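Trainee: give me a 3D structure for the following:
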Amino acid sequence: MMLEKDRISTAQMVILGLFAFIGDMALVYPSVMTANAHQDAWIAGLISLPLGIGMIFMMVTVANIDPNKTIIELSRQILGKWLGGAVALYYLYFYLIAGSMYIREIEDFMCTQIYEGTPGGVIRGMSIILLVYGMRLGLETLGRASQIFLPLFVIFLICLMVLLFPQVQVERIYPIMITPFPDMLHAVMYGVFYPFGEMCVFFMVYPYARKSGTINRDIFACIFVGALTLNLILILSLTVLGVYFSEHNFYAAYILARKINIANFLQRIEALMATAWIISTYFKTVLYFYAFVLGSAQFLKLKSYRPLIFPVAFLLYGLSQLVSRNIIFYIKEIPAYWVDWNMTYSFVLPLFMLIVFKVRKRLSRGS
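Mentor: Numbers count the residues shown, from 1 in each chain. Below you'll find the predicted structure:
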């Protein structure tokens, strides 16, 4: 039974993918990468690009086993009722916790950088209201909204990059290739499994896209543009702020926007960067919200997912407070474990499902 009646075009899915890929990474990517690879972070970012695209190819291959089924349905089809059900629950848990984490990121950013002194619960509440509103309108409306916001998002990012170019000092990234191999490997893992790995949410969206003949090309083009954008932000952070400030400022890209000063006239436009980040993080969060609500309805075999929207919204509100004690705990403790979690959902489980499917297909042919 098809719970979702809405359909989005390939273009809308790709734009949602771009927002989800950049998402919260637009602000935190430089600090996450430089924490391990220091001035060689840009090299780790470039190495992670082809590896991440390869992982996306594997996820698309898994999704195309049955393009009309989500990962919740696909896992049961491939792995059976019990093991497949356990994998489905595992994905649902990830979607729930990840959605809560992104809401908490919005709260921490707004309360520490823009609305200082504002209670976090107010920011969380406003975020939840907007998420519920988007969910009630449906997937098709979210796809159309992403097309409307894309030009604004692109203009803000281009302004950031162009206006910062006069302040670039390439010597800030010297010397190069001095990072120990274990640290470089760790940075590459962050570069692959942080932005690329979190695209596993599209296991829940892909079945409801009207697939054109160029859908695979469009997906990889979207991922390549998103990865290139993140790495450009990383390089700007290293060459404008330097290694130390890129590593120790969790919102390095926001600090970058503060550095813009053209003839003492065009300055203090960090609100534009904040707006671009909030737009992309909103779409990323609402997709995880959607994935959990739809997946739960499929798992429980409900007739509609809409009755779950408000209960899950309250659940997200509470969990977003519980997932992290404060921003220091989030910065210091969570990333080291989150990257392993992303690897499980985006690489280990899809690879396991793909192997089981290939083996069962070969055995069925042999018999």
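
Trainee: tell me what the host helix or strand of residue 273 is packed against?
Mentor: According to DSSP states H and E, residue 273 maps onto helix 270-299. Counting contacts by 3 or more C-beta pairs under 8 Å, 6 or more residues apart in numbering; DSSP states H and E, helix 270-299 packs against helix 10-22, helix 25-37, helix 71-79, helix 81-109, helix 120-137, helix 139-164, helix 252-258, helix 309-322. Bear in mind the C-beta positions are built from the backbone N, C-alpha and C, glycine included.

Trainee: at 6 Å instead, please
Mentor: Here helix 270-299 touches helix 10-22, helix 71-79, helix 81-109, helix 120-137, helix 139-164, helix 252-258, going by 3 or more C-beta pairs under 6 Å, 6 or more residues apart in numbering; DSSP states H and E.

Trainee: quick one, what contacts residue 76?
Mentor: When contacts are counted by C-beta atoms under 6 Å, 6 or more residues apart in numbering, residue 76 touches residue 84.

Trainee: confidence score at residue 367?
Mentor: Looking at residue 367, its pLDDT is 63.

Trainee: to clarify, my last question referred to residue 263.
Mentor: So residue 263 comes in at 69 (pLDDT).

Trainee: ok, now the one 5 residues further on?
Mentor: At residue 268 the predicted local confidence, pLDDT, stands at 72.

Trainee: what residues are up against it?
Mentor: Residue 268 neighbours (C-beta under 6 Å, 6+ apart): none.

Trainee: circling back to that earlier point, need the helices and strands packed on helix 270-299 in a markdown table (columns: distance to residue 333).
Mentor: Compiled in a markdown table, the helices and strands packed on helix 270-299 are given as follows (distance: least, C-beta to C-beta, whole Å):
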| stretch | distance to residue 333 |
| --- | --- |
| helix 10-22 | 24 |
| helix 71-79 | 28 |
| helix 81-109 | 12 |
| helix 120-137 | 18 |
| helix 139-164 | 30 |
| helix 252-258 | 19 |
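
Trainee: so for residue 346, which of the ones you listed sits nearest?
Mentor: helix 81-109 (9.8 Å; C-beta to C-beta).

Trainee: tell me what the closest one is packed against?
Mentor: helix 71-79, helix 120-137, helix 270-299, helix 309-322.

Trainee: what's near enough to touch the closest residue to residue 237 other than its chain neighbours?
Mentor: Leaving out its chain neighbours, the residue that sits closest to residue 237 by C-beta to C-beta, 6 or more residues apart in numbering is residue 30, at 3.8 Å. Residues in contact with residue 30, defined by C-beta under 6 Å, 6+ apart, are 234, 237, 246, 252.

Trainee: pull the residues that contact whichever strand or helix holds residue 217.
Mentor: Here residue 217 is covered by helix 215-236, with elements defined by DSSP H and E. Helix 215-236 is touched from outside by 10, 14, 17-18, 21-22, 25, 29-30, 33, 42, 45, 49, 53, 56, 164, 253, with contacts defined as C-beta under 6 Å, 6+ apart.
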